[in-house]
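Visitor: give the three-dimensional model of this entry:
(2 chains)
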Number of protein chains: 2
Amino acid sequence: MRLVILGGVAAGTKAASRARRLDLEMEITVYQEEPEPSISECGLPYFLSGVVEERENLIARTPEQFADRDIEVLVRHKVERIDTTGKKLSVLDLRTGETFEDTYDRLIIATGARAVLPPIPGADLEGVFKLRFLTDSDEIGRYLKERSPRKATIVGGGYIGLEVAENLCRLGMEVSLIEGEDRVALAYGPEVSENVEAELEANGISVYTGEQVDEFTGEGRVGGVKFGGQELETDLAIFGVGIRPNVELAEKAGVEIGATGAILVDCHMKTSVPDVWAAGDCVETPNLVSGRPTWVPLGDTANQMGRVAGTNAATDDETLEFPGVLGTGIFKVFDIGVGKTGLSEKEAEEAGFEVVSAGLWANDRAAYYPGAQKVFLKLIADRATGRLLGAEAAGSGADKLTDICATALWGRLSYPDLVNIDLAYSPPYGPVLSPIIQAATILSGKFDRAKEGIRASE
Amino acid sequence: MRLVILGGVAAGTKAASRARRLDLEMEITVYQEEPEPSISECGLPYFLSGVVEERENLIARTPEQFADRDIEVLVRHKVERIDTTGKKLSVLDLRTGETFEDTYDRLIIATGARAVLPPIPGADLEGVFKLRFLTDSDEIGRYLKERSPRKATIVGGGYIGLEVAENLCRLGMEVSLIEGEDRVALAYGPEVSENVEAELEANGISVYTGEQVDEFTGEGRVGGVKFGGQELETDLAIFGVGIRPNVELAEKAGVEIGATGAILVDCHMKTSVPDVWAAGDCVETPNLVSGRPTWVPLGDTANQMGRVAGTNAATDDETLEFPGVLGTGIFKVFDIGVGKTGLSEKEAEEAGFEVVSAGLWANDRAAYYPGAQKVFLKLIADRATGRLLGAEAAGSGADKLTDICATALWGRLSYPDLVNIDLAYSPPYGPVLSPIIQAATILSGKFDRAKEGIRASE
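Guide: A predicted model of the protein is given here:
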């Protein structure tokens, strides 16, 4: 029995390890285009600045370590064609340029996602980068060392752009961030965006929203960026935008693609083609709040999906299910965490809910306990049923609030469930009533007023 | 309509505020024995050491501030008798020694809990204290100032004793902690106790477990403590043990007392007597995991109960419910948080469950992200159904893990629900798979092995 896995980052290597655990006899081969497997891609922004010092710390396992577990990992190999009828693969060895044929009994597609740069004139100049793979950060690192850029431009105010902006700022660069929409962190509500922009500006980053980059200028190497009728000097530009699922290979092989443009899988991570599973950033999965397919390319989800795909492929059974996601995520911008789970108000409205929400600023510990910092929390609920639909948090302890709300969504709780929820209180860890309880109580007042019953809530 | 509330700490003042919000006409009077209402009692250990600097920061609202909201708060008043038939109260003004009669239409009993010192010879010496009220910390503060004690003994290794031990240590004292049972933090499993003892010892505190204090020695003022055949010098001793619900007044008035020795209330916080509600540290409530009545004297729960009692008393209706608690709690000992929700293994066994558990040490952030610290997590589940019964966490980020598990218990989730739960990941905030997912996956392996199905889990 031969299992072949295409892609060796989070989902692919997790699937391989899991399959090996379950089946000691199976042949397992992982093909990977990039030179290293098992990269912690989420750590790349922190490697740029040296917050993460050692390159090898971002490599969870080397091919040699996989070999010790009898998993063959072939890096710099690109699978160019899948013949799902004959169960054959055409593989290009990128080191030699030679092509060879391989076969599989079972196949897991974990080809991930790639950065797709917007077609901006000058984007091919030296000093204009994307940040997707460890090789990208190697290139940026070399450029930093050789050219000592002083001024940097980040294109895109999503979480990658924001993380990169912070880390370049930590290197002492003068950083500008340009976002096409009218605010950064667009997946969140406007209060969070405002908060993030304030944090960026407080740390000396110039934020330009509602601006499209027209052109990068320079002779061979980038020297400026033009947008909105002005030109900024810049010695370095990094894209934090434009990621798409890598599905062309699967699509050509007849694997069905879903509504989001990523591979369609069932809850067992099985594709439309027999003996072919898929997992990670190349697949779509249901959003458990909206019920709609969603594409959420995140490392933790990829890991969980890989475990399910690896298990089911190894057992050729429907042993494990992957139910879907909530769209939970978090990122750090300087001193604040910015987290989200479920649907934003906008997303909830688009999904057909009539939305009621409550936002508040709270302390991250008892007000009298030293070092108390502020955190913003918004709970979003369905007016008709009271069901919690989503939450956003920004500030100190946002990770905790986000995870509590994610767990509440996972349990399909409603706002009244949260008014009396028994969370852990002690002065160093929160106010006597968690911001979640406070927000649920405000929501409860809104519902009550709507029913013309009780006038308001404390 | 006259609402009288007995007790003015968390539950009493919350009930009063809530009632005033709902009914602007009602007369509201709060009687309170201690000289200040609305004290943040959980902050007292931190006030001892000066971590919390200002006494007034521990007073959420003064009687004058309550008066502004048309709530009469009479401090230094002790209600000595309740006549539930005539709806009359006999009140002693502790300042004048005079007794007067008052009446009520509706009554809320929020008389809290008190410290009951074990009958140890010498416990009445100067320098031997309990820490329950702000007045206690005032007395200790005076003693610290006048006597400059160098050696302190804490009796009891529960959370109050541990918090006090840390705070005295911060004052530069040589601190010993004596616990009668064979380990501290007895509400937790042995791994957590071991961890806490290590943290105490790493900070220079001498821990004596399995030792009963035989006697405090000294001439007028404490000079030593005898236990287990030895005598330690000590200039100060503080009890962190022996809290009981204040129910004598209610009991004499014919209010039914529950199995735990605290006042029995229904889910509307109503007692067995018409027009009498009760809330806070003097009542018992169901543990939602075991289904059994439990007595959990904690400030956040008191606050939530007060809201429910105040609402229902103000509306004379069953407007709000208080469903019960999970027994969630957390405390800090130096650099680690120690949290718990639901049942410990021992408690779960006592409640009749066949228990399976998974404990692990994890990082509080990505291993490669600077500053990563360890945290211990244990998940406890019902072998028969997989239902999560409890969780314990100790270390960095224990508050977050405890709250996630509390929310999972609140939603009655089972361990398989937690294997794929969509929590927030980013390198500064956790490992790629949350310790909760890791522990749930280990549990899943244990269940699988038990079923002789899949061999093990990753």
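
Visitor: from A:I82, how far off is A:I108?
Guide: Note on A:I108: its distance to A:I82, by CB to CB, to the nearest Å, is 12 Å. The way it works is simple: take the backbone N, C-alpha and C, and place the C-beta from them, glycine included.

Visitor: nearest to chain B: which residue in chain A?
Guide: Nearest residue of chain A to chain B (CB to the nearest CB) works out as A:G411 at 2.2 Å.

Visitor: now for that residue: which residues touch it?
Guide: Residues in contact with A:G411 (CB atoms under 8 Å, 6 or more residues apart in numbering or on different chains) are B:407-408, B:410-413, B:417.

Visitor: now swap in A:E98 and tell me
Guide: Neighbour list for A:E98: A:L92 [criterion: CB under 8 Å, 6+ apart].

Visitor: on that earlier part again, phi first, then psi, for the residue of chain A closest to chain B.
Guide: Per-residue torsions, A:G411: phi -90, psi 10 (degrees, to the nearest 10).

Visitor: rewinding a little: ok, of the contacts of A:G411, which one's closest to chain A?
Guide: Relative to chain A, the closest of those is B:G411; by CB to the nearest CB it sits at 2.2 Å.

Visitor: quick one: the strands in the stretch 351-458 of chain A?
Guide: Under the criterion DSSP state E, counting those that start in this stretch, the stretch 351-458 of chain A contains strands at A:355-363, A:374-382, A:388-395.

Visitor: correction: the previous question concerned the stretch 1-150 of chain A.
Guide: So, for the stretch 1-150 of chain A - with DSSP E, counting those that start in this stretch - the strands run A:2-6, A:27-32, A:72-75, A:77-83, A:88-93, A:99-103, A:106-109, A:113-115, A:128-130.

Visitor: now tabulate those in CSV and tack on mean pLDDT and mean neighbour count.
Guide: Below are those laid out as CSV (pLDDT from 0 to 100; neighbours: other CB atoms under 10 Å in any protein chain shown):
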stretch, mean pLDDT, mean neighbour count
strand A:2-6, 98, 25
strand A:27-32, 98, 23
strand A:72-75, 97, 18
strand A:77-83, 98, 17
strand A:88-93, 98, 17
strand A:99-103, 98, 12
strand A:106-109, 98, 28
strand A:113-115, 91, 18
strand A:128-130, 95, 22
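
Visitor: distance to chain B added to those, as TSV?
Guide: Shown next, in TSV, are those (distance: least, CB to the nearest CB, whole Å):
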stretch	distance to chain B
strand A:2-6	15
strand A:27-32	14
strand A:72-75	17
strand A:77-83	25
strand A:88-93	26
strand A:99-103	25
strand A:106-109	15
strand A:113-115	16
strand A:128-130	19
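
Visitor: turn the ones you listed into TSV, columns for distance to B:A60.
Guide: Below are these laid out as TSV (distance: least, CB to CB, whole Å):
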stretch	distance to B:A60
strand A:2-6	58
strand A:27-32	59
strand A:72-75	60
strand A:77-83	65
strand A:88-93	68
strand A:99-103	70
strand A:106-109	57
strand A:113-115	50
strand A:128-130	52
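
Visitor: nearest to B:S17, of these?
Guide: With CB to CB as the criterion, B:S17 lies closest to strand A:113-115 of those, at 51.8 Å.

Visitor: overlap in contacts, A:I108 and A:I82.
Guide: Joint contacts of A:I108 and A:I82 (CB under 8 Å, 6+ apart) are A:V276.

Visitor: and the strands of the stretch 1-150 of chain A: which comes nearest B:V207?
Guide: Of the strands of the stretch 1-150 of chain A, nearest to B:V207 by CB to CB is strand A:72-75, at 49.3 Å.

Visitor: could you dump that closest one to CSV, C-alpha only?
Guide: Only the C-alpha atoms of strand A:72-75 are listed here, as CSV (Å, rounded to 0.1, in the frame of the first residue of the first chain):
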residue,chain,number,x,y,z
GLU,A,72,10.2,9.7,2.5
VAL,A,73,10.1,13.4,2.0
LEU,A,74,11.3,14.6,-1.4
VAL,A,75,11.9,18.3,-1.5
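
Visitor: so what's A:A408 up against?
Guide: So A:A408 contacts A:388, A:391, A:417-418, A:421, A:436, B:407, B:410-411 (CB under 8 Å, 6+ apart).

Visitor: does A:A198 count as helix, strand or coil?
Guide: Using DSSP: H, G, I helix; E, B strand; the rest coil, the three-state assignment for A:A198 comes out as helix.

Visitor: surely A:F100 meets A:D93?
Guide: Yes - contact criterion CB atoms under 8 Å: A:F100 and A:D93 qualify, at 7.1 Å.
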